[in-house]
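# predicted model follows, preceded by the sequence.
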Amino acid sequence: MSSAEDLSRLDAIEKALLNRWPESRIAPTLERISALADYLGSPQLSYPTIHIAGTNGKTTTTRLIDSLCFELGMRTGRFTSPHLESFLERITINGQSITPEFMIATYNDIAPYLELVDSKMSNKLSFFESMCALAFVAFAEFPIDVGIFECGMGGEWDSTNVIKGSVNVITPIGFDHMEYLGDTLEKIAQTKSGIIKENSFVVLAEQESDVAAVLMRACAKADATPIRSGIEFSLKSRALALGGQMLTISGVYGQYEDLYLPLYGQHQASNAATALAAVEVFAGETKLDEEIVRQAFAKASSPGRCEIVGRNPTIIIDAAHNPHGAESLKKTISEEFDFSALIGVIAPMGDKDVTGILEALEPVLDRVIVTRNSSHRAADVDELKSEAMEIFGSDRVYVSDDLEQGITQAVEMARTSNALNDSSTAVLIAGSVVSAGEARAIIRRKGI
């Protein structure tokens, strides 16, 4: 257990990092992170890496790749973003968040170099750039056998792109962060294709045809080998099972049957197939031991992604923060759950496609409570109410001033309905990763 002194120091480190440029403020350049990595001795090049970009499914795919590599006997380092509850979650070693002690030691090692780069650049290093550097160094110090890095945004100028992925993965691409990535899927795909390295393997999840064309041109330009969903690998079948689903996957080098995945949704099954293909080509270009794959998938988790966190009533949390993610969530809810009614607690960010999120979820929500998380980027509640009433009608829309109040209100509604009508009314909390993380903490604290 960490000492009070360590926790105090960790809190000071987090505040210092958060005092830098936030993740929502982007300067599309690798100049600062490249300089920092050079000063640190390029630790990110001291181990082989798998790099993951895309719009949706990145975090789950990254976690599944980690689980597979770890079960194969590799020491793994995983970098993901954003976090749900603690910034330590972003850097994991062998599937566990970096310890406070290791984070403190790593930060102390690199802090002088952060200040050095700050002094030489017109803009200081951002929070995300600093977290990337911490991961680079922590993984090298451990040391690990494979680094698994999820892009934060885009690909070409994402701070993770100073690694040299021997395997690069691109999950489904949709509309998000258009102010930075472009207003067409082709432009977004072009930016994300920037992670494709020369002579690497490129594992491509199922994509829109125009997106696939962009990615294939990027593979040809880099003389990289494409591994395509539906061609070199595929999800052969899936069936609902208690707490998840059973899969058959046709991998790059063989077929895998009777794979239990404790995650819900067609999209998660597709993420599993993508992850398996990536590890196949990384781990030796051969079929993996089926029993090891079964163990890895059975142990998989993806917090905040259609995660059941309560049973009286059933409470589901999902980070769906764009229309693409909300559509996948709607499909999963409608096909894999059988609730009498569903009450939504929706707390999106103001810079997202709020209309698209609400329209996607409207068919599965009987009532919706619009509210806000604690972020300064949270959507204005009055504007949310107006938008929701246009889509749901005034009689189905409720308003809460903050997320905790909204969750409490939804749970009370569901419990009352279940008690009076002997029904199975459930609660769905969605809208952003921040809302998912805060909701997990609220529900745990309130003991729901």
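Thanks, I have it. Residues are numbered from 1 along each chain as shown.
# surely Glu290 touches Tyr253?
No: taking contacts as CB atoms under 8 Å, Glu290 lies outside contact range of Tyr253: 11.7 Å. No exception for glycine: its C-beta is placed from N, CA and C like everyone else's.
# buried set for stretch 300-318?
300, 302-307, 309-310, 313-318 (16 or more other CB atoms under 10 Å).
# in those, find the pair that's most separated.
Ala300 and Pro313 (25.8 Å; CB to CB).
# pLDDT below threshold where in the stretch 201-350 of the chain?
For the stretch 201-350 of the chain, not a single residue meets the criterion pLDDT under 70.
# can you give me the helices for it?
Under the criterion DSSP state H, counting those that start in this stretch, the stretch 201-350 of the chain carries helices at the ranges 209-221, 266-282, 290-298, 323-336.
# ok, and what's touching the helix or strand where Leu68 lies?
Using DSSP states H and E, Leu68 sits within helix 58-71. Helix 58-71 is contacted from outside by 50, 52, 54, 76, 78, 80, 92, 94-95, 145-146, 148-151, 169, 171, 205, 263, 268, 271-272, 274-276, 278-279, 282-283, 288, 292-293, 295-297, 299-302, 305, using CB atoms under 8 Å, 6 or more residues apart in numbering.
# give me that answer again for 7 Å
50, 52, 76, 78, 80, 94-95, 146, 148, 150-151, 169, 171, 268, 271-272, 274-276, 278-279, 292-293, 295-296, 299-300, 302, 305 (CB atoms under 7 Å, 6 or more residues apart in numbering).
# could you flag which of these are buried?
Buried among the contacts of helix 58-71 (16+ other CB under 10 Å): 50, 52, 76, 78, 80, 146, 148, 150-151, 169, 171, 268, 271-272, 274-276, 278-279, 293, 295-296, 300, 302, 305.
# related to what we said a few turns ago, can you tell me which of the buried residues of stretch 300-318 is nearest Val162?
Ser302 (26.6 Å).
# show me the contacts for the closest one.
Contacts of Ser302 (CB under 7 Å, 6+ apart): Thr59, Thr60, Arg63, Leu263.
# with Cys151 instead?
Counted by CB under 7 Å, 6+ apart, Cys151 has contacts Ile52, Ala53, Lys58, Asp158, Thr160, Ile195.
# partners of the second one in the sheet?
Counting by DSSP bridges, Ala53 forms beta bridges with Ile170.
# separation between it and Pro348?
Using CB to CB, to the nearest Å, one obtains 23 Å as the distance from Ala53 to Pro348.
# can you check the third one too?
Using CB to CB, we find Lys58 at a distance of 19 Å from Pro348.
# the fourth one now?
Taken as CB to CB, the spacing of Asp158 relative to Pro348 amounts to 23 Å.
# domains for this protein, by residue range?
4-298, 307-446 (automatic domain parsing).
# and the last one, how far apart are its ends?
If I follow you right, that is domain 307-446. 17 Å (CA to CA, to the nearest Å).
# gap between that domain and the chain center?
Relative to the centre of its chain, domain 307-446 is centred 19 Å away, using CA atoms, centre = their mean, to the nearest Å.
# circling back: neighbour count: Lys58 and Pro348, which is higher?
Pro348 (29 against 22; other CB atoms under 10 Å).
# my guess is the more buried one meets Ala430, correct?
No: taking contacts as CB atoms under 7 Å, Pro348 lies outside contact range of Ala430: 8.3 Å.
# secondary structure element holding Asp401?
Short version, using DSSP H and E: Asp401 is in no helix or strand.
# can you give me the helices for the stretch 51-200 of the chain?
58-71, 100-120, 127-141, 178-181, 185-192.
# would you turn those into a markdown table with distance to Ala213 and mean pLDDT?
Output for the helices of the stretch 51-200 of the chain, formatted as a markdown table (distance: least, CB to CB, whole Å; pLDDT from 0 to 100):
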| stretch | distance to Ala213 | mean pLDDT |
| --- | --- | --- |
| helix 58-71 | 21 | 97 |
| helix 100-120 | 38 | 97 |
| helix 127-141 | 30 | 97 |
| helix 178-181 | 17 | 58 |
| helix 185-192 | 8 | 92 |
